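A.B. asks: The following block contains a protein sequence and its predicted model.
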Amino acid sequence: MTIDTNRLAALRAQLATLTLDGFVVPLTDEHMSEYVGDYAQRLAWLTGFQGSAGTAVALADAAAIFTDGRYTLQVREQVSADDWDYIDVPATSVAGWLAVHAAAGARIGYDPWLHTRSWVEQTSAALADRDVVLVPVATNPVDAIWTDRPAPSSAKLVVQPDMVAGASSATKRAQVADWLTEKNADAVVLSALDSIAWLLNIRGADVDHTPVALSYAIVHVDGATDLFVAPGKVDDAVRQHLGNSVRLRDRAAFADALGDFAGRRVAVDPAGSVAAIADALEAGGATMLPLRDPVLLTKAIKNDAEIVGHRAASYRDGAALTRFLHWVATECPKGGQTELSAAARLLAFRRDTGLLLDTSFDTISATGGHGASPHYRVTPESNAPIEPGQLYLVDSGGQYADGTTDVTRVLPIGEATAEMRDRFTRVLKGHIAIATAVFPDGTTGGQIDAFARRPLWEAGLDFGHGTGHGVGAYLSVHEGPQRIAPPDHPSGQALEPLRAGMLLSNEPGYYKAGEYGIRIENLLLVVPHAVPGGDPDRTMLAFETLTFAPIERDLINPALLTAAELSWLDAYHATVMQTIGPLLADEEPRAWLSEKCAPLG
């Protein structure tokens, strides 16, 4: 995707009219969402970058785009080096770059509806020595030059039935009311779209891949809730579902409503809310309490109905994926297939279930060197043929009304090299180490992340992303607050204790730049675990694997696996055959699956 350099020039001209020397453009929306609606794709429109995390900074004489190691290759393919410098984070921060490139006394604009207050404070402090100041803008200057900017989605809200949600909205709101009483607070502002969707048992279609609706909510200490949403998005069924205790108000009235809390104590999540919310509350005379979103942890710990729903979604999704893997193994070695055609075929298999509502993220369909970019996104410009001698990596997932899936598999196209098999087997060993981990209650994801890395470390290798992320219940495929990642992960989520009921991914990998990528991903449920002879006063936890699809046996070097690892793999494949086999109507893919699931040990 090539972007006309006139867009950067137009932004600079717009900044000049505002007496600004620069502007920061993050990839987010006013809800701090990971995936954003088309109306909020300012970074992509300005630079051409199609990844899901990044920031750009434009000065009069310099411009830079900041991405992490997941996008090192992708950003260079999509963003012009003639206009933008490529900056790796966290090695260099936006503040660090501005401290070097912004002139002393410069005025750098930012949109307070797109940044947290902590970002504003930390960046301002880092620039203070050079008298560089951050200036909030009333109107985003990118919007002023984006003449054909799409309007926000007008999709209707839909009800998530209580039997699928596992608890009524009234019950959930009562829990938040109890929390407010405990915190001596009068209200809490919720701006995270998935928190609002979960709390009110509603879903939407305003953001690709995440079934949420553009809205805000304010929950009061008595449990009554103000839902700010565009009026045309609500029908009679949703009104009846929400009831009288949820007051419907126009989303456009939200900012002004924040000024109505003079003398009251209002909770706001400092990590997940934008600076404009805190600014408006304080300007209106409220006392702002910086407290974590009370929905966050409760949403992450799945109830029985959510777990049952995820199992059902996983079975049908695993069958669709297995049909696709059989198709890849059969058709791709013949030639004529590409990354895009393969992604389209996988989507067709999922649609054949009759229950797919969306994909849970853009399918990563990557062959050869593209697989070495962990978050590669195929486009018509980057689309590559799938050819013999390559590894083909597919990371994908589905959104179903009863669950959200995310799974990665790798297949060889033709013969794999000894090196490929060695690396794949080491990744598999790390995957098994996480899948079989037993740990005391209170353990964090940061404490077990190294389990997945040790087999690679022993060969002088590693991977540059976390091992696992939380997953929602027909919500966001990347859900906090839990994560399996190094303890110093910038999100801080690696320090969250793992609790029974949490759903996480298990996805170690290995990437050889320009040649291939390997990742093996299943979803896991944290469950209580009894250890015979263990301390009866100590609660132990373990993982239950919930994803079922064959792990490519032709890429495994059995000599590198221990007896226990071989036993786990054979048991896993026996379960895959038992659960997925009966869901395959056609004899050919079922026979293929039986061969792939035969004992290796």
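C.D. replies: Good, I have the coordinates. Numbers count the residues shown, from 1 in each chain.
A.B. asks: going forward, measure contacts between C-alpha atoms and count neighbours the same way
C.D. replies: Will do.
A.B. asks: Point out where the chain drops to low pLDDT.
C.D. replies: 1-4 (pLDDT under 70).
A.B. asks: Show me what the longest helix seen in it is packed up against.
C.D. replies: Assignment by DSSP state H gives helix 304-331 as the longest helix of the chain. On a contact count with 3 or more CA pairs under 8 Å, 6 or more residues apart in numbering; DSSP states H and E, helix 304-331 meets helix 162-165, helix 339-351, strand 403-404, strand 407-413, helix 563-580, helix 587-596.
A.B. asks: and the angle from the last one to helix 563-580?
C.D. replies: With axes from the mean of the first three to the mean of the last three CA atoms, to 10 degrees defining the directions, helix 587-596 sits at 160 degrees from helix 563-580.
A.B. asks: can you give me the offset of helix 587-596 from its chain's centre?
C.D. replies: 33 Å (CA atoms, centre = their mean, to the nearest Å).
A.B. asks: next one: stretch 569-587
C.D. replies: Taking mean C-alpha positions (CA atoms, centre = their mean), stretch 569-587 and its chain are 29 Å apart.
A.B. asks: Kindly report the same for stretch 341-354.
C.D. replies: Here the centre of stretch 341-354 is set off from its chain's centre by 21 Å, with CA atoms, centre = their mean.
A.B. asks: And stretch 541-558, by the same measure?
C.D. replies: 22 Å.
A.B. asks: about what we covered before: could you dump the helices and strands packed on helix 304-331 into JSON lines with distance to Trp113 added?
C.D. replies: As requested, the helices and strands packed on helix 304-331 are arranged in JSON lines below (distance: least, CA to CA, whole Å):
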{"stretch": "helix 162-165", "distance to Trp113": "31"}
{"stretch": "helix 339-351", "distance to Trp113": "35"}
{"stretch": "strand 403-404", "distance to Trp113": "29"}
{"stretch": "strand 407-413", "distance to Trp113": "33"}
{"stretch": "helix 563-580", "distance to Trp113": "46"}
{"stretch": "helix 587-596", "distance to Trp113": "50"}
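A.B. asks: Can you say which of those is packed in most?
C.D. replies: Most buried of those, by mean neighbour count (mean count of other CA atoms under 10 Å): strand 403-404, with a mean of 26.
A.B. asks: Show me what that one is packed up against.
C.D. replies: Contacts defined by 3+ CA pairs under 8 Å, 6+ apart place strand 403-404 against helix 304-331.
A.B. asks: how far out from the middle of the chain is the helix it packs on?
C.D. replies: For helix 304-331 - counting by CA atoms, centre = their mean - the centre lies 20 Å from the chain centre.
A.B. asks: And stretch 562-581, by the same measure?
C.D. replies: 28 Å.
A.B. asks: okay, the angle between the longest helix of the chain and strand 407-413?
C.D. replies: Using the same axes, to 10 degrees: helix 304-331 against strand 407-413 is 10 degrees.
A.B. asks: ok, Tyr474 touching Gly398?
C.D. replies: No - look at Tyr474 against Gly398 with CA atoms under 8 Å: they stay out of range, at 9.2 Å.
A.B. asks: For the longest helix of the chain, buried residues please.
C.D. replies: Across helix 304-331, burial judged by 16 or more other CA atoms under 10 Å covers 305-326, 328.
A.B. asks: what's near enough to touch the closest residue to Pro481 other than its chain neighbours?
C.D. replies: Excluding the flanking residues, the one nearest Pro481 by CA to CA, 6 or more residues apart in numbering is Gln493, at 5.4 Å. Residues counted as contacts of Gln493 (CA atoms under 8 Å, 6 or more residues apart in numbering) are Gly445, Gly480, Pro481, Gln482, Arg483.
A.B. asks: do the same with Tyr71
C.D. replies: So Tyr71 contacts Gly51, Ser373, Pro374, His375, Tyr376 (CA under 8 Å, 6+ apart).
A.B. asks: quick one: which of these is nearest to Val274?
C.D. replies: Gly51 (21.5 Å; CA to CA).
A.B. asks: so where does Ala213 fall, helix or strand?
C.D. replies: Here Ala213, judged by DSSP states H and E, is contained in no helix and no strand.
A.B. asks: Wasn't Leu134 part of a strand?
C.D. replies: Yes - the assignment for Leu134 is a strand, going by DSSP: H, G, I helix; E, B strand; the rest coil.
A.B. asks: That one: neighbour count?
C.D. replies: If you count neighbours by other CA atoms under 10 Å, Leu134 ends up with 23.
A.B. asks: Give me the outermost residue of this protein relative to its centroid.
C.D. replies: Gly533 (39.4 Å; CA atoms, centre = their mean).
A.B. asks: For that one, which three-state class applies?
C.D. replies: Relying on three-state DSSP, one would call Gly533 coil.
A.B. asks: quick one: the residue nearest the centre of the chain from Ala344, how far?
C.D. replies: Centroid check for the chain by CA atoms, centre = their mean gives His478 as the closest residue, at 3.0 Å. For His478, the distance to Ala344 (CA to CA, to the nearest Å) stands at 23 Å.
A.B. asks: what about the helix or strand harbouring Tyr511, distance to the chain center?
C.D. replies: Using DSSP H and E, Tyr511 sits within strand 509-512. With CA atoms, centre = their mean as the basis, strand 509-512 stands 20 Å off its chain's centre.
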